[in-house]
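K.L.:
Build the 3D model from these lines:
(one chain, ligands or ions: 1)
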Amino acid sequence: MSPYEIISRKRDGKILNESEIQYFIQGFMNESIAEYQMTALLMAIYLRGMTADETIALTRAYIASGISIDLDDLEGLKVDKHSTGGVGDKVSIILAPLVASLGIYVPMMSGRGLGHSGGTLDKLESIPGFRTNLSLEEFHRVLRKHHLALIGQTAELVPADKRIYALRDVTATVDCIPLICASIMSKKIAEGANGLVLDVKYGSGAFMKRVEDAEALAKGLINIGSAFGQKVIASITSMEQPLGNKIGNWLEIEESLDCLNGGGPKDLRGVTLNLAMHMVKIARPELSREDAMRLCVEALDSGAAMQHFLEITETQGGDIAVLQNPSAYPTSTHTSILKAERDGYITSMNTYEIGMTSVGIGAGRLKADDTIDPKAGIILHKKCGDTVKTGDSILEIRTDIADRVQPALKRLKDAITLADEPISQPALILKEIA
Ligand code: URA
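P.N.:
Numbering: from 1, shown residues only. I've put the predicted structure just below:
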């Protein structure tokens, strides 16, 4: 067996066996296989694909590159949630304390913003003092005490993914279903979750633009989870417009607080409750969907989920005074409104463009070492299907970067379609795959 032979076999469309895959990943991690050989294999996988068995073997090799967390001392199923990413998607911030408040363990390991799409870690870190870089020992302790811990990927967990993702990012091999599946699922298995709810997004603001691709991704993810004994369910949901009305790190915390206080936009509340219900059903299969949903609604509306969020924030070093009084948070130096120039209906929003505009005004990173302005972002006053009259405010932008205001307004104007007639909007929650 040699790297050359393995690369050429995949290049020619052959199926790699488990030991070839293990050998390659191990060799890459111990530096006996070079980065140029790894990238050649990645491109061969991109072009030739992988069978289900190869993808499972790749996931196993990824997991074996680091340590796996053993949460067996915590009774019951440990259930996490993963979203494939989108704009305005702050569901984890609401759902994690909600489900934990019901006594279910939620070991939540989240990511940072990627391209146009925001990340849970950046949002949490907009709360002054909030620490997401807990050690694994702290993670376990906090999880035991609160049934919840909110952290980022640590260096010990799946290091192969971190190194390989960095290569994929610069060699046009990110959007490849087997590589995405192994990358996501290796982390979800190594973190100790034995139940997982996936929110696989499709649409203009998602990584998968087409429903068929989102479904293929969901099936690939579920297949790996099942091979590792995880209970997995996926919801396919629309990212044809941002979720909720606020985009930007602190703005999304504000909107999460509205939801945790029993209010918030209907679409955000609906998607959150649906995913939370699935998490509860995984942990307590004896409950009917209706009963699981009822528990979730009660947890939001009674304030129990909010109380849990305050507790976990305090434990992880965050300032709860600002959560109790969000108006005390600093505000941006520039606020500007996009007004409708005609009467009509909003028929579509290019959500990728909206996400990239929010990045450009400071809410995300254009380069890995850029700093985020937690206050910056966009507030939508209208969404798809809404009627507008000339002069109505469609949205508002907030930024400290004066010279980005006009270009941002222009880009947002071009991203939103106003038409004479309304068109029917796609369902927000399209289907479930178990
Ligand atoms: N998120 C991940 O963690 N990995 C991928 O490959 C894509 C998105």
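
K.L.:
Quick one: residues contacting the residue of the stretch 201-350 of the chain found nearest the ligand.
P.N.:
The nearest approach of the stretch 201-350 of the chain to the ligand comes at F207, 6.9 Å away (C-beta to the nearest ligand atom). C-beta: built from backbone N, CA, C; applies to glycine. Shown in contact with F207 (C-beta atoms under 8 Å, 6 or more residues apart in numbering): 84-85, 117, 175, 201.

K.L.:
Among those residues, name the buried ones.
P.N.:
Among those, the ones that count as buried by 16 or more other C-beta atoms under 10 Å are 84-85, 117, 201.

K.L.:
Going by distance to A363, which of those wins?
P.N.:
Among the buried ones among the contacts of F207, S117 lies closest to A363 (C-beta to C-beta), at 11.2 Å.

K.L.:
Mark which of the contacts of F207 are part of helices, please.
P.N.:
Counting by DSSP state H, no part of these is found in helices.

K.L.:
Now render these as JSON lines, adding distance to the ligand and pLDDT.
P.N.:
As requested, the contacts of F207 are arranged in JSON lines below (distance: C-beta to the nearest ligand atom, whole Å; pLDDT from 0 to 100):
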{"residue": "T84", "distance to the ligand": "7", "pLDDT": "94"}
{"residue": "G85", "distance to the ligand": "7", "pLDDT": "90"}
{"residue": "S117", "distance to the ligand": "9", "pLDDT": "86"}
{"residue": "D175", "distance to the ligand": "8", "pLDDT": "87"}
{"residue": "K201", "distance to the ligand": "11", "pLDDT": "97"}
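
K.L.:
if you look at those residues, which of them are in strands?
P.N.:
K201 (DSSP state E).

K.L.:
for the contacts of F207, which one is nearest L42?
P.N.:
For those, the minimum distance to L42 (C-beta to C-beta) is 12.0 Å, reached by D175.

K.L.:
quick one, what contacts the closest one?
P.N.:
D175 neighbours (C-beta under 8 Å, 6+ apart): F207.

K.L.:
ditto for the one 4 residues further on
P.N.:
With contact taken as C-beta under 8 Å, 6+ apart, L179 is in contact with 42, 45-46, 58, 164, 168, 173.

K.L.:
and if we set it to 7 Å?
P.N.:
Residues in contact with L179 (C-beta atoms under 7 Å, 6 or more residues apart in numbering) are 42, 45, 168, 173.

K.L.:
swap in L71?
P.N.:
By C-beta under 7 Å, 6+ apart, the contact set of L71 is 78, 107, 192.

K.L.:
now, which of those residues sits nearest the ligand?
P.N.:
Comparing the contacts of L71 against the ligand with C-beta to the nearest ligand atom places P107 closest, at 16.0 Å.

K.L.:
Q230 touches G192, doesn't it?
P.N.:
No - if you go by C-beta atoms under 7 Å, Q230 and G192 don't touch, sitting 10.6 Å apart.

K.L.:
got the phi/psi numbers for G152?
P.N.:
Main-chain torsions, G152, degrees, to the nearest 10: phi -100, psi 170.

K.L.:
Quick check: it touching L121?
P.N.:
Yes - with contacts counted by C-beta under 7 Å, G152 reaches L121, the gap being 4.8 Å.

K.L.:
Surely L295 is within a helix?
P.N.:
Yes - according to DSSP: H, G, I helix; E, B strand; the rest coil, L295 belongs to a helix.

K.L.:
so it sits right up against V280, yeah?
P.N.:
Yes - using C-beta under 7 Å, L295 makes contact with V280 at a distance of 6.0 Å.

K.L.:
would JSON lines of the buried ones among the contacts of F207 with distance to D373 be doable?
P.N.:
As requested, the buried ones among the contacts of F207 are exported to JSON lines (distance: C-beta to C-beta, whole Å):
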{"residue": "T84", "distance to D373": "25"}
{"residue": "G85", "distance to D373": "20"}
{"residue": "S117", "distance to D373": "17"}
{"residue": "K201", "distance to D373": "25"}
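
K.L.:
out of the contacts of L179, who's nearest the ligand?
P.N.:
Comparing the contacts of L179 against the ligand with C-beta to the nearest ligand atom places R168 closest, at 6.8 Å.

K.L.:
Okay, that closest one and R60: tell me how far apart.
P.N.:
Computed as C-beta to C-beta, to the nearest Å, the R168 to R60 distance reads 19 Å.

K.L.:
can you count the residues close to the residue of the stretch 151-300 of the chain found nearest the ligand?
P.N.:
Using C-beta to the nearest ligand atom, the single residue of the stretch 151-300 of the chain nearest to the ligand is S183, 3.4 Å away. By other C-beta atoms under 10 Å, 21 other residues sit near S183.

K.L.:
ok, now S424?
P.N.:
Neighbours around S424, by other C-beta under 10 Å: 7.

K.L.:
quick check, it in a strand?
P.N.:
No - going by three-state DSSP, the assignment for S424 is coil, not a strand.

K.L.:
ok, and the closest non-adjacent residue to N274?
P.N.:
I429 (5.6 Å; C-beta to C-beta, 6 or more residues apart in numbering).

K.L.:
cool, and K382?
P.N.:
I394 (4.9 Å).

K.L.:
again with H116
P.N.:
Per C-beta to C-beta, 6+ apart, closest to H116 is G355, 3.1 Å.

K.L.:
what about the one you found, how many residues close to it?
P.N.:
If you count neighbours by other C-beta under 10 Å, G355 ends up with 28.

K.L.:
and it, what is it in contact with?
P.N.:
When contacts are counted by C-beta under 7 Å, 6+ apart, G355 is found next to 87, 116-117, 205.

K.L.:
Much appreciated, bye for now.
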